[in-house]
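>>> take a look and give me a structure for this.
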Amino acid sequence: MYNYCAVIPSLDPDERILSIAGKLSDKGFGKIIAVNDGSRSDELFIRLREEYGCDVLTHCVNFGKGRGMKTAMNHYMNEYSASMDGVVFVDSDDQHHIDDVCACCECLSENPGCLVLGSRDFSDPNVPPRSRFGNRTTSRFFRLFCGLSINDTQTGLRAMGNDIIPKLVTIGGERFDYETNMLLETKNLDIPIKEVPIKTIYIEDNKQSHFNPIKDSIAIYKTILGYISSSLAAAAIDLGLYWLLSVLLGGLGGKLRIALSTVFARIVSSLFNYTVNSKAVFKSSENPKRTIVRYYILCILQTAASYGGVYGLSLIFGQDHTTLIKLPVDCLLFLLSYKIQQNWVFKRK
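Next up, the predicted model:
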């Protein structure tokens, strides 16, 4: 018997969803919640209720997988959290082996404060190219930009206990972006992640997936894309002002000209960058007095590093090319700045 509630979010499922419910029931899951996310037919959901005693939660229209997961977690916390220990999410296309579902629950029992992920092996030749590319790309982004080492960032097999569900249910995102946001927020919420190796199963090249490669990818990467856009705009302002000031201050010595141009250009571009990152990218609710002090500590150090890099390389490549030298120097500092802003400047309590 597993003292966990199994949740199956679904949009227009086929009869495999009945097979999943049967396996979960046979394994002793005391309660199964199925989320009908605006499906065209209620027939299978009626059978889930009648044949397996499932709670069926219905959206009048397709709100997205993220909303479905939050609807189920809210229902679970209100109805079953007093007598059960947590939930495990299972995809409706039967691509999660029942033994792996149980393994994730067992891992959660041993690590009740963790978010448990069923992690697939994407080196398997049976993995569709679209899925292999998407997961590997997202994993690299997480490692590079977020400092999170997760092998399978898009897995739908996830188990979580009562202690962390109230934290996770408040995270933003309505569709597939919610699953990504959940992983990103674990760092801010101090929730450890445990990965359990699972079988890599793709049925009919994952044709039943409702993932939209363009729309959902933009939603998944919106925080990172927002930071990149903000940084590119600030970099354009910074580089443009640096070039203009370099021309206007051409009569000064090379060292003083580079220093003045770097400082004044960075003051203007940093004000723009701080405002956009605080309000639109990281959506910080911290006291602005605190975040702006942190931001400018970072900004001063970054400016000094930029100046030192540009001046040092100009001694090698010549002072007539400082604008071109500045571009790669600031690109390297860009990656470091993202991590510091995310984990210190705009870190939420």
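>>> can you report phi and psi for the residue lying closest to residue 134 once chain neighbours are set aside?
The shortest distance from residue 134 to any non-neighbouring residue, by Cβ to Cβ, 6 or more residues apart in numbering, is to residue 154 (6.6 Å). C-beta: built from backbone N, CA, C; applies to glycine. When read as degrees, to the nearest 10, the backbone of residue 154 gives phi -110, psi 20.
>>> go ahead and confirm residue 154 touches residue 179.
Yes - shown here, residue 154 and residue 179 form a contact pair, counting by Cβ atoms under 8 Å, at 6.8 Å.
>>> which helix or strand lies directly C-terminal to the lengthiest helix in the chain?
Secondary structure of the chain per DSSP state H: the longest helix is helix 288-317. Remark: after helix 288-317, the chain's next helix or strand is helix 322-340, criterion DSSP states H and E.
>>> so the residue most central in space within the chain is in which element?
Centroid check for the chain by Cα atoms, centre = their mean gives residue 180 as the closest residue, at 3.2 Å. Using DSSP H and E, residue 180 maps to helix 177-188.
>>> what's in contact with the next helix or strand along the chain from that helix?
Next along the chain after helix 177-188, taking DSSP H and E as the criterion, comes strand 193-197. For strand 193-197, contacts defined as Cβ atoms under 8 Å, 6 or more residues apart in numbering pick out 100, 103-104, 107-108, 111, 114-119, 121, 148, 150-152, 183, 186.
>>> next, the angle from the helix holding residue 180 to strand 193-197.
On the basis of axes from the mean of the first three to the mean of the last three Cα atoms, to 10 degrees, helix 177-188 is oriented at 130 degrees to strand 193-197.
>>> which residue of the protein sits farthest from its center?
Most peripheral residue of the chain (Cα atoms, centre = their mean): residue 251, 49.2 Å.
>>> got the phi and psi for that residue?
Residue torsions, per degrees, to the nearest 10, at residue 251 are phi -80, psi -10.
>>> what's the answer for residue 115, then?
Backbone torsions for residue 115, taken as degrees, to the nearest 10, come to phi -100, psi 120.
>>> ok, it to residue 257 distance?
52 Å (Cβ to Cβ, to the nearest Å).
>>> with neighbour numbers in mind, choose between the two.
residue 115 (23 against 19; other Cβ atoms under 10 Å).
>>> any low-confidence regions in the stretch 201-349 of the chain?
Within the stretch 201-349 of the chain, the stretches with pLDDT under 70 are 202-224, 348-349.
>>> swap the cut-off to 80 and go again
For the stretch 201-349 of the chain, the stretches with pLDDT under 80 are 201-228, 231, 250-255, 280-286, 317-323, 334-335, 338-339, 342-343, 347-349.
>>> how far away is the residue nearest to residue 134 from residue 286?
In this view, residue 154 and residue 286 are 30 Å apart by Cβ to Cβ.
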